[in-house]
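Q: coordinates for the following, if possible.
(one chain, ligands or ions: 1)
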Amino acid sequence: MTDQYAVFGNPINHSKSPAIHRQFAEQTGQDLHYAKQLVATDEFVKAAHEFFKQGGKGLNITVPFKIEAFNFAQQLTPRALRAGAVNTLAIQADGIILGDNTDGIGMVHDMHNLGWELEGKRILILGAGGAVRGILQPVLAEHPAQVIIANRTFAKAEELAAHFQDLGDVQAKSFEQLDGEQFDIIINGTSASLSGDLPPLPENLLNTNAACYDLMYGAEPTVFMQWAQQQGAAKIADGLGMLIGQAAEAFYLWRQIRPEVVPVIMALRRQLNEKK
Ligand code: ATR
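A: From the prediction side, this is the model:
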């Protein structure tokens, strides 16, 4: 029987994961089937049990189930443990269900594809929610000089900085405290873009040659990307490559084959532009 995979979420209709994994499977000659499944908000555990009971090999998990998936997994990778959330489940040869979080490594790989290095860099991360928690371990593993987490609710930035401080120099600041600071890389991990908002950022935050990355993506540049442009950022990117990067890592966990991400990023970018 063809190996079965799926993405669970609510909503799920617009998920690009089936299209991404179909392209990976074609590219690598893997025989697999990948579906999307709308799961009722109180039925995640039931649906996941059922999926694996019927012989399913692996799941991607999206909003709002990443924390439930973390609790559901019988074993966790170190990065999933740090993230406190799981976006990928895989049944192993011994029948144990492994939970991983590939979001952060997907972003770091995308930055590498873009030619951005994180090592030795001063990095500012905006936001302190689930998305930021998911990227901190892979970012710190690149050995940046320093990571500053700035958030509207300062206490949440402080909590995150404390949770990751054993992995590198990571500190919390309020937006006001950023005045006079300079960074090589700024990552927007707030959900402010969704409503067209931007955190209140002081002028002159960018070093020469600075890079700005938004975890969100869309057909048009996000408000954060527009801000980066106005501030003279040398490099600007959105999170489309991260979406495909996290999928590639999940595919690798399931199939032990690393697909090519660049052609898939280009295909999805074309599709986004056509819909404009
Ligand atoms: P996600 O899973 O996308 O990270 P989340 O956990 O709800 O979602 O976190 C959203 C993040 O965006 C938080 O850091 C939030 O700031 P608060 O912790 O102060 O709530 C941030 N955020 C959302 N809207 C914002 C806005 N308009 N301005 C600044 N920060 C905003």
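Q: hey, where'd the helices end up in the stretch 51-200 of the chain?
A: In the stretch 51-200 of the chain, the segments counted as helices under DSSP state H, counting those that start in this stretch are 66-72, 78-83, 103-113, 130-140, 154-164.
Q: what about stretch 205-214, near the ligand?
A: No. For stretch 205-214 and the ligand, the contact criterion (C-beta under 6 Å from any ligand atom) is not met; the two come no nearer than 11.9 Å. All C-beta spots, glycine's among them, are computed from the backbone N, C-alpha and C.
Q: let me fix that: stretch 184-204
A: Yes. Shown here: stretch 184-204 in contact with the ligand (C-beta under 6 Å from any ligand atom) through T190, S191, A192, D197, P199.
Q: same thing with stretch 99-106?
A: No. Judged by C-beta under 6 Å from any ligand atom, stretch 99-106 stays clear of the ligand, getting no closer than 10.1 Å.
Q: start to end distance for that stretch?
A: One end of stretch 99-106 to the other measures 16 Å (C-alpha to C-alpha, to the nearest Å).
Q: can you list the residues of the protein near the ligand?
A: Residues of the chain lying close to the ligand by C-beta under 6 Å from any ligand atom are 127-131, 151-153, 156, 190-192, 197, 199.
Q: which two among these are spaced furthest apart?
A: The largest separation in those, counting by C-beta to C-beta, is between G130 and D197 at 18.0 Å.
Q: looking at those two, which one has more neighbours?
A: G130 (17 against 12; other C-beta atoms under 10 Å).
Q: wait, what's in contact with that one?
A: K66, I67, G84, A85 (C-beta atoms under 8 Å, 6 or more residues apart in numbering).
Q: still on that earlier bit, by neighbours, which of the residues of stretch 184-204 next to the ligand wins?
A: Most neighbours among those, by other C-beta under 10 Å: T190, with 24 neighbours.
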